[in-house]
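In: structure for this input, please:
(one chain, ligands or ions: 2)
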Amino acid sequence: MKKFKLEPQKLIQIHDLMVKSRVLEERLIRMYKQNDGYFWIGGPGEEAFSVPLGLNIKKGQGLDFDFLHLHYRSSPIMMCLGAEPIDSMRQMKNVASDPYSGGRNFANHYSKREWNVVPVTSTIETQYATAIGTGIAQTKKGCKGITIVNGGDAGTAEGEFASCLVWSSRPKSELPILMIVTNNEFGISTPYQGQHGEKNIADRAKAFGIKTMIINGNDVEESFMAVQEATTYVRETRKPCFIEARVSRLYGHSSATGCNFETKEVDSLSTFENELEEAKVLTRKQMTDLREKYNAEMLEQSKGVRHEAMPSGDTIYDHTYYGQKGRYW
Ligand SMILES: Cc1ncc(C[n+]2csc(CCOP(=O)(O)OP(=O)(O)O)c2C)c(N)n1
Ligand SMILES: [Mg+2]
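Out: Ligands and ions are numbered 1, 2, ... in the order given. Below is the predicted model:
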């Protein structure tokens with residue numbers, strides 16, 4: 001039987017957020033399959049890592065709070081911050097009430113100024129370049145917040161990843177950046193094994209003198225302890241830290257690869273639930289009831305979203321440089 005180190009209340013909180021995130025993603029997948037959206041990409045398989053991460057974030061607006069440069073698998077982090085599942089459904093359905101992009105972007109492309117959530121980009125790895133910017137700003141202004149950036153294994157082939165390693169580790173000019181790679185051993189359909197000469201991705205950070213950790217991101221407690229240690233280190237030393245978390249990809253890459261459940265991968269939620277049941281932290285019935293509660297709630301919400309209005313054509317240039325009339329022409 002697993003001997004938990006975390007308090008039962010914390011384990012229950014983590015479990016709740018993992019279930020909420022999973023049910024949301026499964027609802028988004030169903031919406032896609034029912035033609036209530038054009039494309040799905042998201043985070044099932046990363047909950048055991050991303051929920052502990054989300055719970056260690058100092059949420060707020062401005063440089064004294066953590067800046068988040070996330071990617072399209074970060075929904076569990078958003079759930080921890082208090083995001084409403086219905087808003088993810090609105091973005092999935094591309095209706096005007098989507099608070100992240102006004103119905104203009106793909107699912108799980110978050111953006112929220114009040115929580116320092118920098119817009120998620122579809123171009124992979126861009127976030128490692130913008131992270132340098134907030135890392136520099138936090139350092140120059142002597143602020144307390146740190147910068148957190150995450151992305152996948154294949155994306156580390158891009159130049160922005162190397163830029164982030166260089167800029168965060170310059171001697172005497174280090175930046176308070178927590179660099180994270182969630183390694184699911186795939187870049188769409190390209191296996192990790194044929195792409196990486198380095199043994200671990202984290203070894204590349206080691207070469208820059210950056211503190212590194214390689215962890216099983218499918219294990220809740222291992223993730224929680226690592227994230228706690230890493231965030232504390234970056235907050236106190238104002239230096240970078242690097243976590244490579246080995247995770248699963250439970251519904252394939254995206255709707256482009258069918259988004260069907262991958263039975264051969266480790267499902268961290270089901271592992272965690274077995275451990276919680278054995279340790280008598282929660283009963284199977286409590287866990288099933290919770291899942292059913294979220295399922296019912298989100299099903300109702302998705303039905304409502306179906307009837308919300310799409311954005312009107314005259315808003316197409318809002319929030320773009322081109323739309324700032326009078327400034328550029
Ligand atoms: C700059 C850029 N190049 C290529 C793509 C196409 N693309 C989308 S996702 C992806 C694979 C990303 O794999 P990884 O970084 O491991 O993240 P994962 O999807 O596995 O979480 C690629 C190549 C893109 N979106 N942006
Ligand atoms: Mg990958």
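
In: so Phe67 makes contact with Thr139?
Out: No. With contact defined as Cβ atoms under 8 Å, Phe67 does not count as touching Thr139 (12.0 Å). Yep, even glycine has a C-beta here, placed from its N, CA and C like the rest.

In: these two: which is more packed in?
Out: Of the pair Phe67 and Thr139, Phe67 is the one with more neighbours under other Cβ atoms under 10 Å, namely 27 against 17.

In: distance check, the nearest residue to the more buried one once chain neighbours are set aside against Ile29.
Out: Closest residue in space to Phe67, ignoring its immediate chain neighbours: Thr134 at 3.9 Å, by Cβ to Cβ, 6 or more residues apart in numbering. Remark: distance between Thr134 and Ile29 (Cβ to Cβ, to the nearest Å) = 32 Å.

In: higher neighbour count, those two?
Out: Thr134 (25 against 22).

In: isn't the more buried one right up against Thr147?
Out: Yes. Here Thr134 lies in contact with Thr147, judged by Cβ under 8 Å, at a distance of 4.7 Å.

In: which residues does Leu250 contact?
Out: Pro44, Gly45, Phe261, Glu262, Glu265, Asp267 (Cβ atoms under 8 Å, 6 or more residues apart in numbering).

In: of those residues, just the buried ones, ChimeraX syntax please.
Out: To isolate the buried members of these in ChimeraX, using 16 or more other Cβ atoms under 10 Å:
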select :44,45,262,265,267
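
In: distance to ligand 1 and secondary structure for the contacts of Leu250 - can I get that in JSON lines?
Out: JSON lines is the format used below for the contacts of Leu250 (distance: Cβ to the nearest ligand atom, whole Å; DSSP: H, G, I helix; E, B strand; the rest coil):
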{"residue": "Pro44", "distance to ligand 1": "11", "secondary structure": "coil"}
{"residue": "Gly45", "distance to ligand 1": "9", "secondary structure": "coil"}
{"residue": "Phe261", "distance to ligand 1": "17", "secondary structure": "coil"}
{"residue": "Glu262", "distance to ligand 1": "12", "secondary structure": "coil"}
{"residue": "Glu265", "distance to ligand 1": "12", "secondary structure": "coil"}
{"residue": "Asp267", "distance to ligand 1": "17", "secondary structure": "coil"}
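
In: show me the shaky parts of the stretch 51-200 of the chain.
Out: Low-confidence segments of the stretch 51-200 of the chain, defined by pLDDT under 70, are absent.

In: show me where it has strands.
Out: Applying DSSP state E, counting those that start in this stretch to the stretch 51-200 of the chain gives strands spanning 67-69, 147-152, 177-183, 186-187, 190-191.

In: nearest to Tyr110, of the ones you listed?
Out: Nearest of these to Tyr110, taken as Cβ to Cβ: strand 67-69 at 8.7 Å.

In: please state the offset of that closest one from the chain centre?
Out: Between the centre of strand 67-69 and the centre of its chain there are 10 Å (Cα atoms, centre = their mean, to the nearest Å).

In: contacting residues around the closest residue to Ser312 other than its chain neighbours?
Out: Excluding the flanking residues, the one nearest Ser312 by Cβ to Cβ, 6+ apart is Ala96, at 7.3 Å. By Cβ under 8 Å, 6+ apart, the contact set of Ala96 is Gly102, Gly103, Glu308, Ala309, Met310, Pro311, Ser312, Thr315.

In: of those, which is the nearest to ligand 2?
Out: Gly103 (27.9 Å; Cβ to the ion).

In: hang on, isn't that closest one packed against Ser312?
Out: No. The criterion here is Cβ under 8 Å, and Gly103 misses it with Ser312 at 9.8 Å.

In: which of the two has more neighbours?
Out: For Gly103 and Ser312, the more surrounded residue by other Cβ under 10 Å is Gly103, and the numbers stand at 20 against 9.
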